[in-house]
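K.L.:
Kindly return the folded structure for what I paste below:
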Amino acid sequence: MQPSGDIYLGGLRISRLTQHILFWIAAYVIMVLVYGYSKTTYSAAARNNFFYIPVHVVYFYTLSGWLIPQFLLKRRYVYFFVLFSIVFFAAIYLTRFVDVLFVEPYLVRLYGSYAVWYDEGVKGFWDKVLYPNAFFGALKGVNFILWFGLAIKLFKLLLERRNAALEAELNFLKGQIHPHFLFNTLNNLYGLTLSGSDQSPQMVLKLSGILRYMLYECNTDRIELQKEVQMISAYIELEKIRYGERLDVQFSVNGDYDNIEISPLLILPFVENAFKHGTSEQVGNCWINIDLQLQNRRLKLKVSNSKPEPAEHPADPSEGSIGLKNVKKRLELLYPDAYKLKLFDEGELFLAVLELNLKRSNPLRYES
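P.N.:
Sure, this is the predicted structure:
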């Protein structure tokens with residue numbers, strides 16, 4: 001879990017405070033560009049909008065940080081409408097105060113008759129504040145930044161909800177791997193125990209190491225690829241103990257894995273599927289080949305295994321087992337447009353090829 005409100009951009013964490021500071025800098029620049037282009041010079045716009053920013057800040061946070069969450073979202077509509085009306089007109093009056101005290105006198109000195117009330121000889125302070133044309137101009141000005149900010153806040157809220165749904169689905173898919181793997185491995189251990197094998201203690205030791213990794217190190221978005229490879233290697237050794245000389249396993253790893261990260265338990269389903277279907281009693285000489293390559297942060301995994309003769313109506317290889325369906329969903333969520341998965345069912349051979357660009361992944365990094 002990331003700290004509350006932080007977002008991640010290309011691996012760079014941007015704190016909530018920094019986000020708000022950047023927003024107000026952007027708002028200020030936008031106001032300067034808009035008013036400088038259409039009404040005054042850019043230097044005058046920069047000077048005048050400096051006085052408007054505090055009003056915008058108070059107005060925005062009063063609405064987004066108090067009125068909306070405390071009243072509107074809790075369906076206390078009457079209270080919200082009454083309080084919003086008060087805050088709404090208060091913001092307009094504050095804007096006019098800034099106009100009359102700081103902005104319009106400066107513009108009159110700069111342009112002579114710039115202020116809308118100047119030519120009509122309006123003298124009193126409140127007459128200037130309440131001058132109709134200027135009053136409606138303040139209404140537009142003070143609400144421009146408000147709706148701009150609320151639009152961004154709404155987008156972030158939608159993003160939070162989307163990410164929460166994706167995270168829940170990913171946790172569910174990843175959680176399915178644990179009982180599935182444990183069930184298969186305990187069956188293997190049970191078979192060795194019944195046969196009185198002296199390799200049972202070694203198998204229990206390796207199993208405990210794998211489960212420790214799955215339960216305590218995989219509760220994160222990313223994990224070092226080197227650790228994932230070590231876990232796969234331990235799993236292969238575990239299966240070798242079970243099948244002995246009846247199974248020929250080749251596992252090759254090529255590439256520099258330092259400082260490379262991957263989503264946890266993304267490779268295991270391919271390997272487990274190969275052992276599940278490649279060691280059938282109906283297969284004479286059982287074999288499994290696993291080749292893992294990494295180059296320029298591009299991973300290529302090829303897992304092939306022997307299999308029985310095809311049935312009269314073979315299944316569509318694109319469907320695969322439950323484990324492969326699971327991992328395909330995770331790939332679609334975590335690495336959209338960054339992976340290629342091909343499954344081949346060719347007579348006595350089943351082949352899975354995964355190409356994965358580890359430079360690209362779904363930016364599921366905003367935490368509410």
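
K.L.:
so which strand or helix has residue 265?
P.N.:
Following DSSP states H and E, there is no helix or strand that holds residue 265.

K.L.:
I meant residue 257, not that one.
P.N.:
Going by DSSP H and E, residue 257 is not in any helix or strand.

K.L.:
residues contacting it?
P.N.:
Residues in contact with residue 257 (CB atoms under 8 Å, 6 or more residues apart in numbering) are 224-226, 229, 294. For every residue, glycine as well, the C-beta is placed using N, CA and C.

K.L.:
Next: residue 259.
P.N.:
Residue 259 makes contact with residue 224, according to CB under 8 Å, 6+ apart.

K.L.:
Secondary structure class of it, three-state.
P.N.:
Under DSSP: H, G, I helix; E, B strand; the rest coil, residue 259 falls in the coil class.

K.L.:
For it, report the pLDDT, please.
P.N.:
Per-residue confidence (pLDDT) for residue 259: 84.

K.L.:
can you give me phi and psi for it?
P.N.:
Main-chain dihedrals, residue 259, degrees, to the nearest 10: phi 60, psi 20.

K.L.:
Could you tell me which of the contacts of residue 257 belong to helices?
P.N.:
Counting by DSSP state H, the members of the contacts of residue 257 that fall within helices are 225-226, 229.

K.L.:
So which of those residues wins on neighbours?
P.N.:
residue 225 (23 neighbours; other CB atoms under 10 Å).

K.L.:
I figured that one hits residue 297, correct?
P.N.:
No: with contact defined as CB atoms under 8 Å, residue 225 does not count as touching residue 297 (9.9 Å).

K.L.:
what residues are shared contacts of these two?
P.N.:
The contact lists of residue 225 and residue 297 share 260, 358, where a contact means CB under 8 Å, 6+ apart.

K.L.:
which residue ranges form the strands in this structure?
P.N.:
7-9, 12-14, 223-224, 247-254, 261-262, 286-295, 298-306, 339-346, 349-357 (DSSP state E).

K.L.:
For residue 208, find the nearest of those strands.
P.N.:
strand 223-224 (18.9 Å; CB to CB).

K.L.:
Give the pairing partners of that closest one; include direction for each.
P.N.:
Strand 223-224 pairs in its sheet with strand 261-262 (antiparallel), by DSSP bridges.

K.L.:
Residues contacting the partner strand, please?
P.N.:
Against strand 261-262 from outside (CB under 8 Å, 6+ apart): 222-225, 228, 299, 356, 358.

K.L.:
For the stretch 251-368 of the chain, give me the ranges with low pLDDT.
P.N.:
280-284, 309-322, 360-368 (pLDDT under 70).

K.L.:
quick one, phi psi at residue 263?
P.N.:
Torsion angles, degrees, to the nearest 10, at residue 263: phi -70, psi 140.

K.L.:
May I ask you to confirm that it is in contact with residue 221?
P.N.:
Yes: here residue 263 reaches residue 221: they are 7.0 Å apart, a contact under CB under 8 Å.

K.L.:
okay, these two: which has more neighbours?
P.N.:
residue 263 (24 against 16).

K.L.:
contacting residues around the more buried one?
P.N.:
Going by CB under 8 Å, 6+ apart, the list of residues near residue 263 reads 221-223, 330, 334-335, 361.

K.L.:
What of residue 84?
P.N.:
Contacts of residue 84 (CB under 8 Å, 6+ apart): 63, 67.

K.L.:
So among the contacts of residue 263, which ones count as buried?
P.N.:
Buried members of the contacts of residue 263, counted by 16 or more other CB atoms under 10 Å: 221, 223, 330, 334-335, 361.

K.L.:
which among the contacts of residue 257 gets closest to residue 193?
P.N.:
residue 229 (29.3 Å).

K.L.:
who does the closest residue to the closest one other than its chain neighbours bridge with?
P.N.:
Closest residue to residue 229 apart from its sequence neighbours, by CB to CB, 6 or more residues apart in numbering: residue 253 at 5.9 Å. Legend: beta-bridge partners of residue 253 under DSSP bridges are residue 292.

K.L.:
For residue 253, grab the count of nearby residues.
P.N.:
If you count neighbours by other CB under 10 Å, residue 253 ends up with 15.
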